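Colleague: predicted coordinates and the sequence they were generated for:
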Amino acid sequence: MTDMPKTGTPSHRRLRFGIFQQVCVATIIGLILGLADPALAAETRWTTDLFLHLIIMAVGPLLFCIIVTGITGAGSLRTVGRLGVRALIYFEAMTTLVLLLAVGAALLIRPGAGMTFTATPADSQAVASYAGNAHLLHSQGLTGFLMALIPHSPASAFAEGNVLQILFFAILFGCCLNQIGPAGAPVVRLVESLSTLFSRMMKYIIAVAPLGVFGAVATTTARYGIGAIIQLGAFTLLYFLAIALFVFVILGGCLAACGIKPVRFFLYFREEILIVTATTSSDAVLPVIMTKLEAIGVSRQVIGLVVPAGYSFNLDALSIYLGFSVVFLAQVTGTHLTWIQMATMLLTALVTSKGAHGVPGIAIVVLAATLAAIPSIPVASLVLLLAVDWFIGIARAVGNLAGNCVAPVVVAAWEGQLDRDRAADILGYAGQDKDQTA
């Protein structure tokens, strides 16, 4: 009699309708509604907005707490500085590598060959707002970027959900708290308690993810229709293929070098990848991936510094998009790019993509800022990419998410703060390795 509950428990767990299954069902229902009743589907946009607003409400305070506890737990500012330098070295190396590979691939494959584009006044009007924002982003340059790191007040950084400004304030706060010693102990305990509190809050918010996914899929299908998927098919397909190669070859190679099995690692984040695929926003799963990374043996202090910084400095998929897009638009507009112009574009892209996370229409804005360095390419040609920006945004968001999941693993391995045995156990290949060595 006493054995019966034990035998029933595994079966109950296998049949559990978890968040992954809920998101799958929400995606299917949203797609059906968008096709069957576009007018009704368009009115469901509020569900996605509600979900993202809940995320913005809680993610700032949680990030602040995680970063501060990571710094205070590091023991010394020298450790924090070393982590920051190594993270930036990895970010810049990876971003530059994928940007160069993207440009080289686009020049070789020529996705814009055979297409022609002539700008009309309507096209110029359609991209006017993006070009205006890009002008501000481009004209401010490095000085503007540095000034944008500092919030007008801590409250404004949290209110706007500006990850970069929250990161700056949290680092400054954590470093000062680290230096004042025993006097700061009560504050450290308070921050640790708040971290636990906001982590629990995010657990409840993520439970609303299927609702947000439903709204995102329904409204997008209603707006664009199935036919939009095949528009600019060659370019879109090329970008999706590039992201897949980036994730499984480049990032997979980094994981393998760190002693982590890539397939098991990405399957571990399948729920988060599915949410990001539907919402095209990686903000929604930021706290969750930080928790999951810690669970597989990545040091908490590495996660607290590398992941938030990566959301502003490690936008690998955006770099790939910029490289493909500039070459594509040059080809469809018949613009010949010299090597000097190409180098200027690359340098501009490396600068304009930094710290721009969270800006509405970010990819188009940054692309317009990049084109400003090459005036021979008509900015109005951006209208070609506006039609499929949401679909491209799926791969872009997933690629950025994957890059920011792998970055802390690489930095932790570099620091000697990666528990490979724990990762093997959680990811489910520890037993296999033992059997192979037996």
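Modeller: Arrived safely, thanks for sending. Numbering: from 1, shown residues only.
Colleague: so Ala423 makes contact with Pro262?
Modeller: No. Using CB atoms under 8 Å as the test, Ala423 is too far from Pro262 to be in contact (11.9 Å). In this view, the C-beta of every residue, glycine as well, is placed from N, C-alpha and C.
Colleague: neighbour count winner among the two?
Modeller: Ala423 (25 against 18; other CB atoms under 10 Å).
Colleague: buried stuff in the helix or strand harbouring the more buried one?
Modeller: In this structure, Ala423 is located in helix 420-427 according to DSSP states H and E. Neighbour-count burial for helix 420-427 flags Ala423, Ala424, Ile426, Leu427 (criterion: 16 or more other CB atoms under 10 Å).
Colleague: where does the residue lying closest to the last one once chain neighbours are set aside fall, secondary structure wise?
Modeller: Right, Leu427. Among residues not flanking Leu427 along the chain, Arg264 sits closest, at 4.1 Å (CB to CB, 6 or more residues apart in numbering). For Arg264, the element it lies in under DSSP H and E is helix 262-268.
Colleague: so which elements touch that helix?
Modeller: If you count contacts as 3 or more CB pairs under 8 Å, 6 or more residues apart in numbering; DSSP states H and E, helix 262-268 packs onto helix 252-257, helix 389-415, helix 420-427.
Colleague: among the ones you listed, which is the most enclosed?
Modeller: When the helices and strands packed on helix 262-268 are scored by mean count of other CB atoms under 10 Å, the highest mean neighbour count falls to helix 389-415 (a mean of 23).
Colleague: for Met94, give me its contacts.
Modeller: Ile250, Asn314, Asp316, Gly403, Ala407 (CB atoms under 8 Å, 6 or more residues apart in numbering).
Colleague: Ser199 too?
Modeller: Shown in contact with Ser199 (CB under 8 Å, 6+ apart): Leu62, Pro287, Thr291.
Colleague: is it true that the first one lies in a helix?
Modeller: What it means is Leu62. Yes. Per DSSP: H, G, I helix; E, B strand; the rest coil, Leu62 lies within a helix segment.
Colleague: skipping adjacent residues, who's closest to it in space?
Modeller: Counting by CB to CB, 6+ apart, Leu62 lies nearest to Phe198, which is 3.9 Å off, once chain neighbours are set aside.
Colleague: ok, and the most crowded of the contacts of Ser199?
Modeller: Ranked by the number of neighbours (other CB under 10 Å), the contacts of Ser199 place Pro287 first, at 23 neighbours.
Colleague: I'd say that one and Leu62 touch.
Modeller: Yes. Pro287 lies in contact with Leu62 (CB under 8 Å); the separation is 5.2 Å.
Colleague: which residues are in contact with both of these two?
Modeller: Residues touching both Pro287 and Leu62 by CB under 8 Å, 6+ apart: Phe198, Ser199, Met202.
Colleague: export those residues to CSV and tack on distance to Gln179 and pLDDT?
Modeller: Shown next, in CSV, are the shared contacts of Pro287 and Leu62 (distance: CB to CB, whole Å; pLDDT from 0 to 100):
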residue, distance to Gln179, pLDDT
Phe198, 25, 84
Ser199, 26, 76
Met202, 30, 76
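Colleague: take those residues and keep only those in helices.
Modeller: By the criterion of DSSP state H, membership of the shared contacts of Pro287 and Leu62 in helices covers Phe198, Ser199, Met202.
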